[in-house]
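Below are the sequence and a predicted model; questions follow.
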Amino acid sequence: MPSKPATQLETFPNPAPRRDYVVHIEIPEFTCLCPLTGQPDFATIVLDYIPDKRNLELKALKLYMWSFRDQGAFHEDVTNRLLDAFAKATAPRFMRVTAKWYVRGGIFTTVVAEHRKRGWKPAPRVELEHFPSERSTRG
């Protein structure tokens, strides 16, 4: 039976709740409709989050994203609706949704929305120097 769009997000228990770690998801084929013209809008949605007790299940996420295909919404609205739905489903320590909208009329738009769990403080960022591998330095 073919898949269909769905409005329900599913989650699963965080397999490592004892530590902060980042889940990075890129959705390069997001589509919805311009609420003014009805023309399709295309975006790459980037989701970065630090889970607390729940993680997003990817197949359900794919079907959820598909449910926007025939909806009209402004870029800012869609981005914030996505963040609200993802944060409600998972109650993460931190979450950021970045929506990179493709050019329309010569204009690119990027919308970034964030959620932080009350009282959560990130650990200090560690910067590691990257050295070229031996393989990449050979002619």
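Sure, I can see it.

so who does the residue nearest to the spatial centre of the chain touch?
Per CA atoms, centre = their mean, the C-alpha nearest to the average position across the chain is that of L47, at 2.2 Å. Contacts for L47 (CB atoms under 8 Å, 6 or more residues apart in numbering) come out as 23-27, 56, 82, 86, 95-98. (C-beta placed from N, C-alpha, C; glycine too.)

Kindly supply the ChimeraX command isolating those of those residues that are buried.
Here is the ChimeraX selection string for the buried members of these, based on 16 or more other CB atoms under 10 Å:
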select :56,82,86,95,96,97,98
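
hang on, the earlier thing: state the pLDDT value of the residue nearest to the centre of the chain.
pLDDT for L47: 98.

Return the distance of it relative to G38.
Applying CB to CB, to the nearest Å, the value for L47 to G38 is 27 Å.

so where is this protein shaky, pLDDT-wise?
1, 133-139 (pLDDT under 70).

contacts for the helix ranked longest in it?
The longest helix of the chain (DSSP state H) is helix 75-90. The contact list for helix 75-90 (CB under 8 Å, 6+ apart) reads 9-11, 32, 41, 43, 45, 47, 49, 51-52, 54-56, 64, 68, 73, 92, 95, 97, 99, 101, 109, 111-115.
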